[in-house]
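Peer 1: Structure for this input, please:
(one chain, ligands or ions: 1)
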Amino acid sequence: MDWEKISSEAKIELLQVTDLLSLEKWRISYLGRKSALALFLRQLKDLPLEEKKIQGPLSNKVRQSWEKMYQEKNDDLKNNQIVSDSWDHTVPVKSALNGHLHPLTLMAEKVVSVFEKMGFEIVEGPEVEDDYHNFEALNVPANHPARDMWDTFWIKSDEKEKNLLLRTHTSPDQIRYMETHQPPFRILVPGRAYRHEATDATHEMQFYQIEGLVVSEDITLANFKNIIEESVRHIFKKDFKIIFRPDYFPFVSPGVEVDISCFKCRGKGCRLCSNTGWIEVMGAGMVHEKVLTNVGYEKGRYQGFAFGLGLERYAMIQYGIDEIRLFESADLRFLKQF
Ligand code: PHE
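Peer 2: Reported below is the predicted structural model:
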């Protein structure tokens with residue numbers, strides 16, 4: 001008997017067994033009373049002594065190994081499977097996956113709740129904007145070189161004179177709000193923005209910003225610094241190092257960039273922070289006088305600050321994520337962690 005060959009056939013057949021009924025068929029054909037093995041064992045006594053000494057232990061070993069295989073498969077099927085001929089409703093099932101909120105939603109809710117406690121009103125604006133609100137009213141007229149700061153997705157439409165686009169930032173909502181409201185006010189505008197540019201670990205074509213705007217007769221840059229430092233402390237519950245640097249945006253003067261020390265290298269410099277030790281989280285500044293007069297406010301009467309923070313950047317810092325593209329990747333291995 002070529003036990004090796006038969007054993008390997010038995011193994012292959014057993015692999016294909018998925019229910020108790022076919023397991024029983026397998027048992028009958030390999031271990032049953034009429035199986036080749038049983039017949040062989042029965043004839044063993046008639047063999048010459050020398051042969052018996054070799055074949056006896058060998059065939060018994062084969063029997064033991066098949067019985068073990070059978071037992072394991074039997075346990076396996078009973079533990080893990082709904083048996084085809086009966087429904088055992090006491091068998092525990094794997095619990096279904098529960099849905100949960102996306103990390104960006106969690107982060108946005110956190111930011112919004114902190115600013116709400118500081119008295120900010122939450123407003124929203126359209127993602128399809130016109131040139132006037134996205135650029136012109138923000139002191140970025142046509143052909144202004146600063147337009148290069150925002151690579152734009154233009155929209156083909158019949159309303160040619162309006163020049164529609166996907167908003168490149170949430171700043172147009174400053175204009176929309178001021179056109180219909182008088183100071184004093186403090187608002188927060190969460191929303192999606194789009195830029196026609198190459199992606200990398202910290203840049204996406206589609207991302208979220210949260211715009212803030214505070215205007216009254218006596219708001220100063222010191223108020224801005226204080227609100228940002230307070231909000232960062234409450235949002236992250238950590239004492240992050242924050243730095244305010246001069247920057248340029250046509251709709252603010254002076255303009256500011258706010259950086260938080262890099263969570264990955266702790267300020268030493270790495271790929272994520274382009275070896276600067278800092279991660280830029282927002283653009284900001286004192287609202288430009290041109291913007292205030294563009295919405296019809298009396299010249300020189302009001303002043304205020306505006307900021308636009310990158311929600312993904314905040315979430316990266318909060319959760320220690322070093323690749324922005326994971327957020328929209330729909331990769332469950334990533335999403336399941338939140
Ligand atoms: N809108 C700017 C941007 O997206 C950020 C910003 C907002 C700057 C408000 C100043 C004031 O780049």
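Peer 1: you'd agree residue 254 is up against residue 285?
Peer 2: Yes: counting by C-beta atoms under 8 Å, residue 285 is a contact partner of residue 254 at 5.7 Å. For glycine as for every other residue, the C-beta is placed from the backbone atoms N, C-alpha and C.
Peer 1: neighbour-wise, which of these two wins?
Peer 2: residue 285 (21 against 13; other C-beta atoms under 10 Å).
Peer 1: Just to be sure, that one is in a strand?
Peer 2: Yes: remark: residue 285 belongs to a strand, assigned using DSSP: H, G, I helix; E, B strand; the rest coil.
Peer 1: so what's the nearest residue to it once chain neighbours are set aside up against?
Peer 2: Nearest in space to residue 285, with sequence neighbours left out and distances taken as C-beta to C-beta, 6 or more residues apart in numbering, is residue 252 at 2.7 Å. Taking C-beta atoms under 8 Å, 6 or more residues apart in numbering as the criterion, residue 252 is in contact with 284-288, 305-306.
Peer 1: what about the host helix or strand of residue 312, average pLDDT?
Peer 2: When elements are assigned from DSSP states H and E, residue 312 belongs to helix 311-319. Averaged over helix 311-319, pLDDT sits at 95.
Peer 1: List the buried residues in stretch 24-34.
Peer 2: 26-27, 30-31 (16 or more other C-beta atoms under 10 Å).
Peer 1: Likewise for stretch 166-185?
Peer 2: 166-178, 183, 185.
Peer 1: go on, stretch 212-221?
Peer 2: 212-215, 219.
Peer 1: who's in contact with the closest residue to the ligand within the stretch 51-200 of the chain?
Peer 2: Per C-beta to the nearest ligand atom, residue 169 is where the stretch 51-200 of the chain lies closest to the ligand, at 3.3 Å. Counting by C-beta under 8 Å, 6+ apart, residue 169 touches 134, 150, 193, 209, 211, 308.
Peer 1: Can you name the residues that contact the closest residue to it other than its chain neighbours?
Peer 2: Setting aside the residues directly before and after it, residue 169 is nearest to residue 193 in space (C-beta to C-beta, 6+ apart), at 5.2 Å. Applying C-beta under 8 Å, 6+ apart, we find residue 193 in contact with 166-170, 206-209.
Peer 1: Repeat that for residue 10.
Peer 2: Residue 10 touches 26, 30, 66, 69, counting by C-beta under 8 Å, 6+ apart.
Peer 1: roughly how far apart are the first one and the ligand?
Peer 2: Right, the one you point to is residue 26. 67 Å (C-beta to the nearest ligand atom, to the nearest Å).
Peer 1: hang on, isn't residue 141 packed against residue 135?
Peer 2: Yes: Residue 141 is within contact range of residue 135, at 7.4 Å (criterion: C-beta under 8 Å).
Peer 1: These two: which has the busier surroundings?
Peer 2: When residue 141 and residue 135 are compared for neighbours, residue 135 comes out ahead with 26 against 13, by other C-beta under 10 Å.
Peer 1: pLDDT at the more buried one, what is it?
Peer 2: 97.
Peer 1: Looking at the contacts of residue 252, spot the one nearest the ligand.
Peer 2: residue 306 (4.0 Å).
Peer 1: hang on, the closest one in a strand?
Peer 2: Yes: counting by three-state DSSP, residue 306 is part of a strand.
Peer 1: Now for it: which residues touch it?
Peer 2: Applying C-beta under 8 Å, 6+ apart, the residues contacting residue 306 are 171, 174, 211-214, 251-252, 284-285, 287.
Peer 1: how about the nearest residue to it, chain neighbours excluded?
Peer 2: Residue 306 sits nearest to residue 213 (C-beta to C-beta, 6+ apart), 4.8 Å away.
Peer 1: So that neighbour sits against residue 186, correct?
Peer 2: Yes: shown here, residue 213 and residue 186 form a contact pair, counting by C-beta under 8 Å, at 7.2 Å.
Peer 1: Up against the ligand, what does the stretch 201-338 of the chain have?
Peer 2: 249, 252, 283-285, 306-308 (C-beta under 6 Å from any ligand atom).
Peer 1: Report whether whatever helix or strand the residue nearest to residue 169 lives in contacts the ligand.
Peer 2: For residue 193, the host element (DSSP H and E) is strand 185-194. No: with C-beta under 6 Å from any ligand atom as the criterion, the ligand is not reached by strand 185-194; the gap is at least 6.9 Å.
Peer 1: That strand: which residues count as buried?
Peer 2: Result for strand 185-194 [16+ other C-beta under 10 Å]: buried residues 185-191, 193-194.
Peer 1: orientation of the helix or strand just after that strand relative to helix 311-319 in degrees?
Peer 2: Moving toward the C-terminus from strand 185-194, the next helix or strand (DSSP H and E) is strand 206-216. If you take axes from the mean of the first three to the mean of the last three C-alpha atoms, to 10 degrees, strand 206-216 sits at 100 degrees to helix 311-319.
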